[in-house]
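S.K.: need a 3D model of the following:
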Amino acid sequence: YSVLPLIVLAFWSRAWIGWWCLLPGIISIVWMFFNPVFFKRARSTKNWASKAVLGERVYLNRDVVAIPDIHKTPLYGMLKMMSVIGMLMAIWAVVFYSVWGAVLGVMLAYIGKSWFLDRMVWLYETMKSENEEYQKWEY
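M.R.: Numbering: from 1, shown residues only. Sure thing, here's the model as predicted:
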């Protein structure tokens, strides 16, 4: 969650530091990829963020292990689209220096992603009671 505002701010700073804005932009993007490497494994998966990741794994595995009908909803696609629209709006705002566009774009991206992750927690909680393999993921 910390990377998107950093990237927006980094590329916004081109007005002040010119091409040097690429340095904080690249550092932010590199941080996004190496962040999981620098931190050790979570002591427990009994928290919202871990369950969101486990729910995403369950969702990706839906062709192998069927998920309940209530989770077969177009809402997931709409939330992803909301995030994409937010990202595009944030990019547009950075290009044209629109503060409100940047704030709204980042907010849309975060709201869409957070709501999607919330649904993934719900999916994981539903599926772990129905599947022994998924139960083993929690520690």
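
S.K.: any idea how far the residue nearest to the spatial centre of the chain lies from W16?
M.R.: Compute the mean C-alpha point of the chain, and by CA atoms, centre = their mean the closest residue is K113, 5.1 Å away. As defined by CB to CB, to the nearest Å, K113 lies at a distance of 29 Å from W16. No exception for glycine: its C-beta is placed from N, CA and C like everyone else's.

S.K.: now the helices for this protein?
M.R.: Listed from the start of the chain, the chain has helices (DSSP state H) covering 3-12, 14-17, 22-38, 48-60, 75-96, 99-128, 132-136.

S.K.: packing partners for the first one?
M.R.: Secondary structure elements in contact with helix 3-12, counted by 3 or more CB pairs under 8 Å, 6 or more residues apart in numbering; DSSP states H and E, are helix 22-38, helix 75-96, helix 99-128.

S.K.: how about it: buried residues?
M.R.: Under the neighbour-count criterion of 16 or more other CB atoms under 10 Å, helix 3-12 has L4, L6, I7, V8, A10, F11, W12 buried.

S.K.: ok, and what's touching that helix?
M.R.: Under the contact criterion CB atoms under 8 Å, 6 or more residues apart in numbering, helix 3-12 has outside partners 21, 24-25, 27-29, 31-32, 87, 90, 93-94, 97, 102, 106, 109-110.
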